[in-house]
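[1] Below is the sequence, then the predicted model.
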Amino acid sequence: MGLTFFSKVWINNAGVRLGSSFMLVMGLAGSVSSQTLTQASEASVNLTCNYLASSVGYRGTCVVPCSVNALAVDFNGVNQAKACNSAPRIVDSTLIKTEVAGRWLGTMQGVKPEDPTRFEVVPGKEPSGNVARTPFGWFEVTRLSESLSSLSLVINVQRQIRPDSDDLAILDRAIALLPSLDRWNKNDNRECLSGAASLSLFCALMQATTEIAGGVHYRQPAMQAVREELNLVDRSRINTHRIMDYNNHPATTLEEVHALLRRAKLRVLDEIR
């Protein structure tokens, strides 16, 4: 509660005329608190990026809400078991407009130093807007403002972009790429070599994504569907990187890997319907 002195005539909310010299007790603390809560709420649903023009494209920073950095945002919203309300993280980012209309390509720091930093803004399949393919997931771009000297983005991170038919094909192809034990690499390090005789679960998904989608992105919705399924398995098999850890755990069998991919496919089907 704050004390504010006025020397003017005021009308209060009840329509009562107040004197020209008075001390009005106002609930400023409540007002400020309400405004702060509103700003915090808006910040929790948006990832914002601000850039300045450089000799090569744009360079700047992005403000990443805590739950996004914690990888707690799924197709249907925030996973409350993983959500957090700590201060957002500020990460470096770059963007450059490509020769393909409506497409931007750049970098953004991920959760861990070893995470891929590829960051894209591409036209969405829906006519309503663009998609930000970030190291934290794929999300809807609600605003993109460009000038000669600056660029800004507002990305809605309440939920991830839903998968589509490409993601079904990716999961089917990943299963086909792991037909037998001799084709399954049980010692994954997330380094996928072209022409390898055996593939880990992670590399099978990466190769399938390249074959089906024409390119690869670490947070392709098909891979996110697998990660969401892994959130439900025995947590003793997962430590740092969900897909790699599950693949490498001594108790994980190839049959379980196939079952995981089939469950992820059902999850994608549920999202498409």
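    Received the coordinates, thanks.

[2] And the helices in the stretch 101-250 of the chain, which stretches?
    With DSSP state H, counting those that start in this stretch applied, the stretch 101-250 of the chain shows helices at 165-176, 201-213, 221-230, 242-248, listed in chain order.

[3] For those helices, could you give me CSV that also reports mean neighbour count?
    (C-beta placed from N, C-alpha, C; glycine too.) Rendered in CSV, the data for the helices of the stretch 101-250 of the chain read as follows (neighbours: other CB atoms under 10 Å):
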stretch, mean neighbour count
helix 165-176, 20
helix 201-213, 22
helix 221-230, 24
helix 242-248, 22
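
[4] nearest to residue 188, of the ones you listed?
    Comparison of the helices of the stretch 101-250 of the chain against residue 188 by CB to CB identifies helix 242-248 as nearest, at 4.7 Å.

[5] just to revisit the earlier point, what's the closest of the helices of the stretch 101-250 of the chain to residue 106?
    Evaluated over the helices of the stretch 101-250 of the chain, closeness to residue 106 peaks at helix 201-213, with 19.0 Å, by CB to CB.

[6] Report the angle between the closest one and helix 165-176.
    Angle of helix 201-213 versus helix 165-176, following axes from the mean of the first three to the mean of the last three CA atoms, to 10 degrees, is 130 degrees.

[7] Tell me which other helices or strands helix 201-213 touches.
    Packed against helix 201-213, as judged by 3 or more CB pairs under 8 Å, 6 or more residues apart in numbering; DSSP states H and E, are the following elements: helix 165-176, helix 221-230, helix 242-248, helix 254-272.

[8] How far does the third one sit from its chain's centre?
    For helix 242-248, the distance between its averaged C-alpha position and the chain's averaged C-alpha position is 20 Å (CA atoms, centre = their mean, to the nearest Å).

[9] Then stretch 168-185?
    Using CA atoms, centre = their mean, the distance between the centre of stretch 168-185 and that of its chain works out at 26 Å.

[10] Start and end of that stretch, how far apart?
    End-to-end distance of stretch 168-185: 23 Å, with CA to CA, to the nearest Å as the criterion.

[11] contacts for that stretch?
    With contact meaning CB atoms under 8 Å, 6 or more residues apart in numbering, stretch 168-185 is reached by 196-201, 203-205, 207-209, 211-213, 220, 222, 225-226, 247, 254, 257-258, 261-262, 264-265, 268-269, 272.

[12] All set, thanks.
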